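>>> what follows is a predicted structure for the sequence shown.
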Amino acid sequence: MQKRHYCMACQFPLSVCLCKFVHKICNSVELIVLQHPSETKVAKNTARLLALALQNIQIVVGETAQDFRQLQAFCLQHHNDVALLYPSTVSRPLEELNKAHNIKYLLLLDGTWKKAFKHLSM
Ligand SMILES: [Zn+2]
């Protein structure tokens with residue numbers, strides 16, 4: 001059996017490498033992705049694709065409160081600048097939030113809805 005070769009950047013098989021289609025965007029609002037460890041193994045891994053395309057992005061992999069302790073401290077320190085993208089009954093449009101705050105960081109939860117909800121509950 002022939003070994004499959006992968007692109008070091010996008011980590012897709014070389015035959016379907018996406019790198020030539022990716023143009024880096026200098027995003028002014030930094031994205032912080034909380035990624036469940038199981039998502040790192042998903043072939044599509046959209047967070048990794050985002051990291052290819054965005055200049056200002058952090059991916060924090062974890063599943064316990066301990067894994068996100070440093071991020072939690074950062075969010076407490078920057079609470080007026082951080083917003084979480086998550087649908088709920090108390091969600092507000094980002095445009096509305098930006099009128100009262102200068103959002104500099106957006107938190108995204110990467111995982112199934114069940115895993116994202118678990119991250120949200122921490
Ligand atoms: Zn590639």
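Cool, got the structure.
>>> who does the residue nearest the centre of the chain bridge with?
Central residue of the chain (Cα atoms, centre = their mean): Val33, 2.2 Å from the mean position. Note on Val33: beta-bridge partners Ile59, Leu108, judged by DSSP bridges.
>>> who's in contact with it?
47, 50, 57-60, 107-110 (Cβ atoms under 8 Å, 6 or more residues apart in numbering). (C-beta placed from N, C-alpha, C; glycine too.)
>>> could you report the pLDDT at it?
Model confidence at Val33, given as pLDDT, is 94.
>>> cool, Thr112 as well?
Looking at Thr112, its pLDDT is 71.
>>> what about it, how many residues nearby?
The number of residues packed near Thr112 is 13, by other Cβ atoms under 10 Å.
>>> got it, and the one 3 residues further on?
Taking other Cβ under 10 Å as the neighbour definition, Lys115 ends up with a count of 18.
>>> same check, this time on His79
9.
>>> and what of the one 5 residues further on?
Using other Cβ under 10 Å, the number of residues around Leu84 comes to 16.
>>> any idea how far it is from Arg92?
11 Å (Cβ to Cβ, to the nearest Å).
>>> for Leu109, same thing?
17 Å.
>>> low pLDDT regions in this protein?
1, 116-117, 119-122 (pLDDT under 70).
>>> residues in it within reach of the ion, list them.
7, 9-10, 17, 19 (Cβ under 5 Å from the ion).
>>> right, I'll call it a day here.
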